[in-house]
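J.: coords please:
(one chain, ligands or ions: 1)
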Amino acid sequence: MVRPPTPPGHWLWGNLPEVRRDMPQALRDVTAVHGGLTRLRMGPASMYLLAEPDLIHEVLVTRAAEFRKSNRTRQSIGWHLGDGLVTLEGAAHRRHRRIMQPSLHTQRVAAQADTIVALAEQRVASWPPGSEQDLLSEMADLTLRIVCAALFDLRPAEDERLIAAVHDFAASLNWATGRAFPLPRWLPSAGNRRAREIINTLNTQVYALIARRRATAAAGADLLSMLLAARDADTGAPLSDVEIRDELMTVFFAGHETSAAALTWALHLLDAHPDVMERLREELGDGPVTMADLPRLPLLLRVVKEVLRLYPPAWLFDRSPLTDLRLGGYDLPRGATLLVSPWVVHRDPRWWDAPDEFRPDRFADEPSRGHYFPFGDGPRLCVGNRFAETEIALVLATIVRRVALVRADAPAGRSMLLRPAGEATLRPGVRLRVTVTPVSEAGNGA
Ligand code: HEM
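T.: Predicted structure coming up:
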């Protein structure tokens, strides 16, 4: 039995103290010393960090059938999300992907581009010049409204209660995933009671929405219509309300916090790199940016790619082997938790020059296989990747054309880059407040 190397740690808690202090940094530190595959001791449990692109490719792509999501993931997000695409396995996973993919294809995303731009324009217009905004919460609210309108054909103005309920739900899910060890949901703790309340409130809204849609029987091309219209190939049975509820919750969650984090990092990085901002504003020119313009905006697309390299919102996910197996010359037990982190690989100096620097032009060349995977890979590749890339590019272009968002607490008006906090998504470790200045006042170089 050949075990992967284990970094030294506390006699009882193992590597848990470093990981709890700053998990993103701790995983990078371990990789810098041990490379490819490391065993981390987390108190009584072990986890394995996979940091070698070829091994990650084996796990996510070529040997994907030998793995599933870990029990830990299922426990920490399963209560909130139920059995949606993120947690389903095997045949049910393949079936749900087949149903959901068409509504997220490039053509369908293109049809939503004007809605995305209009919502971004409205958001910018709602910020009074000189006001201070909490960037992450503004982006989270905007991307949630985009998901509602573009994927579920919902106009939240009609239902502000739904928006409020999803925000509470996302906060509660972050709470659940932030625990070192998931607590059983039957435990009568204050946190569990609050989570139950929040889930029940959103459930009531979502089931009412499903009932309304079933009653109108209007066949649209949005994701909710696709879920309602889907029929089992063998039995002809439709998806149940619970199955549709689980997919709605999954997309509410997977589809808005990730893009919101990416947009927040993008605006923060551009504020800290005025030279790139100036080139970007020149490239964007005057008129509004549409989907058709995107192929002609290479710097914008490279900025999006570089943001997702430096701060991949889905920074950590996992897999678990279905049987004892051998990987990279080491033996791994069945049921082990294998951590896969785009953040660690994207910041590894073995694969990237000056990995901590914001250099969008590095994407003039395609990255090598396995060195860049902000959307994962293989059969579980992010189903919303085209939607997310388009959304981020369009929203970013709309915002930077109109306003400068300068970090309100930055010394001498210039941002120092913030450290990330590794929660369910990778987000700034402190609240990022920005001052809004219209671009005409700020000048191109703002
Ligand atoms: C910047 C934005 C986004 C990033 C970085 C991101 C990243 C990821 C990653 C890395 C995975 C794979 C996780 C794994 O293999 O365990 C994933 C899966 C998923 N994403 Fe995204 N995502 C983003 C936006 C979206 C959007 C907009 C949607 C919805 C429209 C979405 C829906 C999903 C779903 C449903 C899955 C599960 C797919 C499956 O297991 O088959 N994501 N995402």
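J.: Could you report the neighbour count for the residue found closest to residue 373 once you drop the neighbours it is linked to in the chain?
T.: Closest residue to residue 373 apart from its sequence neighbours, by C-beta to C-beta, 6 or more residues apart in numbering: residue 342 at 5.3 Å. Every C-beta, even on glycine, is put in place using the N, C-alpha and C of the backbone. When neighbours are defined as other C-beta atoms under 10 Å, residue 342 has 25 of them.
J.: Check residue 247 too.
T.: For residue 247, using other C-beta under 10 Å, the count is 26.
J.: Can you classify it by secondary structure?
T.: helix (DSSP: H, G, I helix; E, B strand; the rest coil).
J.: Tell me if the helix or strand residue 139 falls within is near the ligand.
T.: Assigned by DSSP states H and E, residue 139 falls within helix 135-146. No: Helix 135-146 is not in contact with the ligand by C-beta under 6 Å from any ligand atom; minimum separation 7.9 Å.
J.: I'd like the next helix or strand past that helix.
T.: With DSSP H and E, the next secondary element past helix 135-146 is helix 152.
J.: what's the nearest residue to the spatially most central residue of the chain if we skip its chain neighbours?
T.: For the chain, the residue nearest the mean C-alpha position is residue 258 (2.8 Å; C-alpha atoms, centre = their mean). In space, not counting the residues next to it along the chain, residue 258 is nearest to residue 313; the distance is 4.1 Å by C-beta to C-beta, 6+ apart.
J.: if you look at whichever strand or helix holds residue 117, does any of it touch the ligand?
T.: For residue 117, the element it lies in under DSSP H and E is helix 106-125. No: in terms of C-beta under 6 Å from any ligand atom, no part of helix 106-125 sits within range of the ligand; the closest distance is 9.3 Å.
J.: what sits up against that helix?
T.: Helix 106-125 is contacted by residues 102, 138, 141-142, 145-146, 149-151, 221, 288-291, 386-387, 390-391, 394-395, 398-399, 402-403 when judged by C-beta atoms under 8 Å, 6 or more residues apart in numbering.
J.: now do 6 Å
T.: 142, 145-146, 149-150, 291, 386-387, 390-391, 394-395, 398-399, 402-403 (C-beta atoms under 6 Å, 6 or more residues apart in numbering).
J.: Of all pairs in these, which one spans the longest distance?
T.: 386 and 403 (27.0 Å; C-beta to C-beta).
J.: Tell me which of those two has more neighbours.
T.: Applying other C-beta under 10 Å to residue 386 and residue 403 shows that residue 403 carries more neighbours, namely 24 against 17.
J.: Look up the pLDDT of the more buried one for me, please.
T.: Note on residue 403: pLDDT of 96.
J.: State the phi and psi torsions of the residue nearest to it when sequence neighbours are not counted.
T.: Leaving out its chain neighbours, the residue that sits closest to residue 403 by C-beta to C-beta, 6+ apart is residue 436, at 5.3 Å. Here is the backbone geometry of residue 436 (degrees, to the nearest 10): phi -90, psi 120.
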